[in-house]
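Q: fold the following for me, if possible:
(2 chains)
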Amino acid sequence: GAVVSQHPSWVICKSGTSVKIECRSLDFQATTMFWYRQFPKQSLMLMATSNEGSKATYEQGVEKDKFLINHASLTLSTLTVTSAHPEDSSFYICSARDQGDTEAFFGQGTRLTVV
Amino acid sequence: GIQVEQSPPDLILQEGANSTLRCNFSDSVNNLQWFHQNPWGQLINLFYIPSGTKQNGRLSATTVATERYSLLYISSSQTTDSGVYFCAVVRSGNTPLVFGKGTRLSVIA
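A: Have a look, this model is predicted:
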């Protein structure tokens, strides 16, 4: 199957700082990538849809100025958590599909802890 | 939006036992996937199965699209099968996967 790589796997940052998470499709091109967030013992909740070369589409309740998404190429999308607070601590995971395909693959996820 | 319900929410099995996990969805879909989330959080693709039956080793899955449900069968369970199993669907086009709440499986030796 297709490979999606996410970096970093975990990060600890101080309140008020920003953290950037990268999501790469290694062996295919993805015009669309998806960002999810997962709190402990809960399911994955969609945060936003990242579109190559255009603005991301955010789900209701997700602050677009806080969670900046950039999809500058067909293989890379980034999620920047700005001015992070402890309540932003969570597991963030990205997903992508090969163009013309419908099976989705996920990155390894990023565990963010804000102290 | 589309609703995805998984049952049971929790399941404890003795090693070697068989189990069936169920996923019901509220509308027609053009994609359904089963995942296993390991203790490190990574989602492992088990099956891409919008319809029909597939098998992979001790695991098999069946989706009856007309009746809007899918089943995941685990046979001869092992402790390494422990984790959370998610069902997720795509309603249409290039829209994102919508996840159920998962089934938390614990296999004990």
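Q: show me the shaky parts of chain A.
A: For chain A, the stretches with pLDDT under 70 are A:100.
Q: shouldn't A:Thr32 be in contact with A:Arg97?
A: Yes: using Cβ atoms under 8 Å, A:Thr32 is in contact with A:Arg97, at 7.1 Å. C-beta coordinates here come from the backbone N, C-alpha and C atoms, glycine included.
Q: the more surrounded of those two?
A: Ranked by neighbour count (other Cβ atoms under 10 Å in any protein chain shown), A:Thr32 and A:Arg97 place A:Arg97 first, with 24 against 18.
Q: that one: what's it in contact with?
A: A:Arg97 sits next to A:Ala2, A:Ala30, A:Thr32, A:Glu103, A:Ala104, A:Phe105, B:Asn94 when contact means Cβ atoms under 8 Å, 6 or more residues apart in numbering or on different chains.
Q: hang on, the earlier thing: between A:Thr32 and A:Arg97, which contacts overlap?
A: Residues touching both A:Thr32 and A:Arg97 (Cβ under 8 Å, 6+ apart) are B:Asn94.
Q: please report the distance of the closest residue to A:Thr82 other than its chain neighbours from chain B.
A: Nearest non-adjacent residue to A:Thr82, counting by Cβ to Cβ, 6 or more residues apart in numbering or on different chains: A:Ser18, 4.8 Å away. According to Cβ to the nearest Cβ, to the nearest Å, A:Ser18 stands 22 Å off from chain B.
Q: what distance do you get for the most far-flung residue of chain B relative to its centre to chain A?
A: Within chain B, B:Ala109 marks the point farthest from the mean C-alpha position, 22.6 Å out by Cα atoms, centre = their mean. Distance of B:Ala109 to chain A, computed by Cβ to the nearest Cβ: 23 Å.
Q: which phi and psi does residue 20 have?
A: The chain I'm using is chain A. With angles defined as degrees, to the nearest 10, A:Lys20 sits at phi -110, psi 130.
Q: tally of neighbours for the residue nearest to A:Thr82?
A: A:Ser18: 12 neighbours (other Cβ under 10 Å).
Q: same deal with the one 4 residues further on?
A: Using other Cβ under 10 Å, A:Glu22 has 16 neighbouring residues.
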